[in-house]
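*Asks:* When you get a sec, could you give me coordinates for this:
(2 chains)
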There are 2 protein chains.
Amino acid sequence: MRLLVANDLDDSILRKHDVGPWAERMLWFARDGDTVVLMREPDTDFLREVIAVTGTDPSTLAIHVLPEGRHGRRMFDHHALISDDVVDCVARTLGPVESVHSQWPSPYVAEFARRLGLSNVLGGAAVYSQNAVEVLNSMGTFRVLAAAAGVPTAAGGVCRSPGDAVELTTRLLHTYGTLMVKKAHAGAGAGNLVVTTSDAPGAAGTGHAARFQVDDTSVADFWEERWAWASADGRFPVVVERLVDDPRSVYAEFLVTDHAAEHAATGELFFEAGVLVREEIPAPDLPAGVEERVRTEGHRLAELYRTLGHRGFLSVDTVVNRGGEVFVTEVNAQSTGSSHLHAVIRERAQADGGASRVVAQMSSPADWAVVDTAWFLRRVGEAGLGYSSRTGTGVLPATPAIPVGHGAIVYVVVGRDTAEVTASMHRLASVVQDHQALDA
Amino acid sequence: MRLLVANDLDDSILRKHDVGPWAERMLWFARDGDTVVLMREPDTDFLREVIAVTGTDPSTLAIHVLPEGRHGRRMFDHHALISDDVVDCVARTLGPVESVHSQWPSPYVAEFARRLGLSNVLGGAAVYSQNAVEVLNSMGTFRVLAAAAGVPTAAGGVCRSPGDAVELTTRLLHTYGTLMVKKAHAGAGAGNLVVTTSDAPGAAGTGHAARFQVDDTSVADFWEERWAWASADGRFPVVVERLVDDPRSVYAEFLVTDHAAEHAATGELFFEAGVLVREEIPAPDLPAGVEERVRTEGHRLAELYRTLGHRGFLSVDTVVNRGGEVFVTEVNAQSTGSSHLHAVIRERAQADGGASRVVAQMSSPADWAVVDTAWFLRRVGEAGLGYSSRTGTGVLPATPAIPVGHGAIVYVVVGRDTAEVTASMHRLASVVQDHQALDA
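*Replies:* Residues are numbered from 1 along each chain as shown, chains lettered A, B, ... in the order given. Below is the predicted model of the structure:
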């Protein structure tokens, strides 16, 4: 059996609003006999759909739900994880454990494993007990490690003070005109700002939260207003780097073990108006040589992170410019938002379908009202897109329904190729729109 | 020729009061033809004494003094270093440069070298341009890298929030009773606090600024009062670890090159009432096997820092308990307060004396009034302890006089063995006391 901790970021890194549904994607990894620690009661419709695909027997799963904790179930409470009650309760149900896994290698997961006598089967326990998760997931440290590994990054630097930021921004603007400012810890472009001397629009295809026009006289004002946000009140460094024009966002994900960093998948992120709207594995139609370059540079970094003690999934993000040049932009040393896509869903679909499969993941559009997971599954059924173990294609929930706005969900479309995936996306959207029109 | 930047910490890391004299120790490294960038006019008595020992011809040195800058010459102004005026002025006097050196591998030194077209002869330029100096000199990152290298450290962890600190302190106090709290960036114990459940005195032989008695009910209060100080207002992580009882503080210093991490010296720090009072190279009379263990563990870390791109001097600090167990406590990836001792002064003394030499370094006692460097050199002369190139023994200033209190200085005593060093220390102290008694 394995012990799975369905956690998310430490609250010392980033405060989030409601990670419960997102953290629950860990259920995709559950196999017969596993013990799973969740931050809330699982969504039964979601769990039923997941195990229908993975073939896991739910009667063999031990699911522990944490007490409500300090965050009212809005974030994973790592202090609750190591409370005597939880440790004792989990210990009582454990048989021999072959490995411990989490989605975010928090020092509290390392302490949890230690108290259960399982440090030796938690990959990376030595470094993660020392809060390596911050170091190995920081945009700032990343640029140091990328330089050490000799992989290409966009011209730029790492700031530790507003003075650093003014100096570096001024200098880089003179040379490049348009820059990206990046928080050390944030996801999918939400921690990025575009800063430019140009009044032309641009950068729509990259992840970023806002765009600012500045010049030499206003750089200091920009940082006076933005340093606290960018540095999380001075707690983390801030990256400033050249914006790569009109890029494709390609990532390579690896599985890092004691012996190797094995390539697992190459995917692509798609942004509209600065916001991540979809990702797809494999990255479709890359120019000749690009996939290999992404994989090669990624592997060099993955090996360095392996030397630094990381174990488990690791994603290397890059941007690729129109000339096919690859610039590495970040490393996520954690189980990412893509890990279940390739390691579980695509594996399963290819085993079922007997051939290569394309998987795409996206959030439901803002005009969908996903009232609950069952609502979503009914629409999928009406569209005739329920996952088929005969063809290894169809639509699946990546997470349970998310109670944000009118209700949302993250879902996955599996097809034989990108065209089939796109057709399925459109068909589902059409069914949802028809349904909502009837409801209105 | 070489380009030497006699700098000190970035102001984004730590604010210091007056580093000018301390930074000037870089003059010990100056060789014929070198260019040296100083933050203030050099102390001529100090410079004369230094070059009398090193044999450097002062007429071949090009010395650039930075403009007063943002810190009024109290700290090294790295923004001034990369100002157009300074870069242009230095560029005009440079011949072919074989290497660039600094005492603190600031990102601004990397930018200075880049603007002079000298990135390729600045060791570690790739990572230090990305602010690796913070990462590679942080107590917090150190514990991650030590775990990755598999070297022994005292039981403990790294905190990123007051909540982390309360949890970890409580847990470790239950097991160990007495702990050390460490700031990520500070020197020679000034960033350490002893926290203990015991009301017995102790820990005098370790570097620390204060000692606090706490229990389960007061740990949270302790951190409410101390977190801002310990974390530099939340900007850096805080280490909490078991206090090693009654230790010896032994360090190994290495010179890290593109090809190897070569052991340069093993020394020892001596503390009284928590304050560093003396260091000595080599560490005297270590128990069998201890020097080799310190060197071996140090070498593993030095090799890891080499992989991470560090070049130049690197010091690995350890504490050794009465049983001879070695615990690594910190790495300084910079030219340290010991580098000139072994790499210049001891080398020179051994060449002059033709045999092994012991070097000790200490600050003048608080009751000395070192009004200027010449005053100090006169007392050394009166004691008959001026450095002799015939014997390779004597007393030397490590720095110019330091205008703190009644006036201080850091100085070096070189002898054939520890007994001769101790005798010279006492003789000089006696002469100073007699002189001051006459003056009074």
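*Asks:* Remind me what the helix or strand bottoming out on mean pLDDT in chain A packs against, helices and strands.
*Replies:* Within chain A, confidence by mean pLDDT, DSSP states H and E is lowest for strand A:210-213 among all helices and strands, at a mean of 90. On a contact count with 3 or more CB pairs under 8 Å, 6 or more residues apart in numbering or on different chains; DSSP states H and E, strand A:210-213 meets strand A:192-196. Where you see a C-beta, it was placed from the backbone N, CA and C, and this is true even at glycine.
*Asks:* Residues contacting the strand it packs on, please?
*Replies:* Taking contacts as CB atoms under 8 Å, 6 or more residues apart in numbering or on different chains, the residues outside strand A:192-196 that touch it are A:169, A:173, A:177-183, A:186, A:202-203, A:206-214, A:222, A:226, A:230, A:240, A:243, A:274.
*Asks:* could you give me the average pLDDT of that strand?
*Replies:* Averaged over strand A:192-196, pLDDT sits at 93.
*Asks:* same thing with stretch A:1-8?
*Replies:* So the average pLDDT for stretch A:1-8 ends up being 97.
*Asks:* How far away from the center of its chain is it?
*Replies:* The gap between where stretch A:1-8 is centred and where its chain is centred comes out at 17 Å by CA atoms, centre = their mean, to the nearest Å.
*Asks:* Would you indicate which residues of the least confident helix or strand of chain A are buried?
*Replies:* Residues of strand A:210-213 classed as buried: A:R211 (neighbour count, 16 or more other CB atoms under 10 Å in any protein chain shown).
*Asks:* try stretch A:244-261
*Replies:* Within stretch A:244-261, the residues that count as buried by 16+ other CB under 10 Å are A:244, A:247-256, A:261.
*Asks:* OK, contacts around the closest residue to A:H78 other than its chain neighbours?
*Replies:* Nearest-residue entry for A:H78: A:Y108, 3.5 Å, with adjacent residues in sequence omitted and distances by CB to CB, 6 or more residues apart in numbering or on different chains. With contacts defined as CB under 8 Å, 6+ apart, the neighbours of A:Y108 are A:10, A:78-79, A:81-82.
*Asks:* Turn those into JSON lines, columns for neighbour count and secondary structure.
*Replies:* Listed next are these as JSON lines, based on neighbours: other CB atoms under 10 Å in any protein chain shown; DSSP: H, G, I helix; E, B strand; the rest coil:
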{"residue": "A:D10", "neighbour count": "24", "secondary structure": "coil"}
{"residue": "A:H78", "neighbour count": "28", "secondary structure": "helix"}
{"residue": "A:H79", "neighbour count": "17", "secondary structure": "helix"}
{"residue": "A:L81", "neighbour count": "24", "secondary structure": "helix"}
{"residue": "A:I82", "neighbour count": "21", "secondary structure": "coil"}
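*Asks:* how would you label the closest residue to A:G20 other than its chain neighbours: helix, strand or coil?
*Replies:* By the measure of CB to CB, 6+ apart, the closest residue to A:G20 outside its immediate chain neighbours is A:R40, 4.8 Å from it. Following DSSP: H, G, I helix; E, B strand; the rest coil, we place A:R40 in the coil state.
*Asks:* show me what contacts A:R40?
*Replies:* Neighbouring residues of A:R40 by CB under 8 Å, 6+ apart: A:20, A:24, A:65-66, A:73.
*Asks:* Filter those down to the buried ones, ChimeraX style.
*Replies:* Selecting in ChimeraX just the buried members of these, where the criterion is 16+ other CB under 10 Å, is done with this command:
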select /A:20,24,66,73
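*Asks:* Out of the contacts of A:R40, name the ones that lie in strands.
*Replies:* For the contacts of A:R40, membership in strands holds for A:V65, with DSSP state E as the criterion.
*Asks:* if we can go back for a sec, for the helix or strand containing the residue nearest to A:H78, give the mean pLDDT please.
*Replies:* A:Y108 belongs to helix A:107-115 when elements are defined using DSSP states H and E. Confidence over helix A:107-115, taken as the mean pLDDT, stands at 98.
*Asks:* Any buried residues in that helix, and which?
*Replies:* Of all the residues in helix A:107-115, those buried under the rule 16+ other CB under 10 Å are A:107-115.
*Asks:* Which single one of these is nearest to chain B?
*Replies:* Minimum separation from chain B among the buried residues of helix A:107-115 (CB to the nearest CB) is found for A:P107, which lies at 6.2 Å.
*Asks:* Can you tell me, leaving aside adjacent residues, what's nearest to A:T60?
*Replies:* Leaving aside its chain neighbours, A:T60 sits nearest to A:D32 (4.5 Å; criterion: CB to CB, 6+ apart).
*Asks:* cool, A:V90 as well?
*Replies:* In space, not counting the residues next to it along the chain, A:V90 is nearest to A:H64; the distance is 5.6 Å by CB to CB, 6+ apart.
*Asks:* Check the burial of the one you found by counting its neighbours.
*Replies:* The tally of other residues near A:H64 (other CB atoms under 10 Å in any protein chain shown) stands at 16.
*Asks:* Over to A:V37?
*Replies:* Residue neighbour count, defined by other CB under 10 Å, stands at 24 for A:V37.
*Asks:* nearest residue to A:E167 other than its sequence neighbours?
*Replies:* Counting by CB to CB, 6+ apart, A:E167 lies nearest to B:H79, which is 6.3 Å off, once chain neighbours are set aside.
*Asks:* Good, we can wrap up now.
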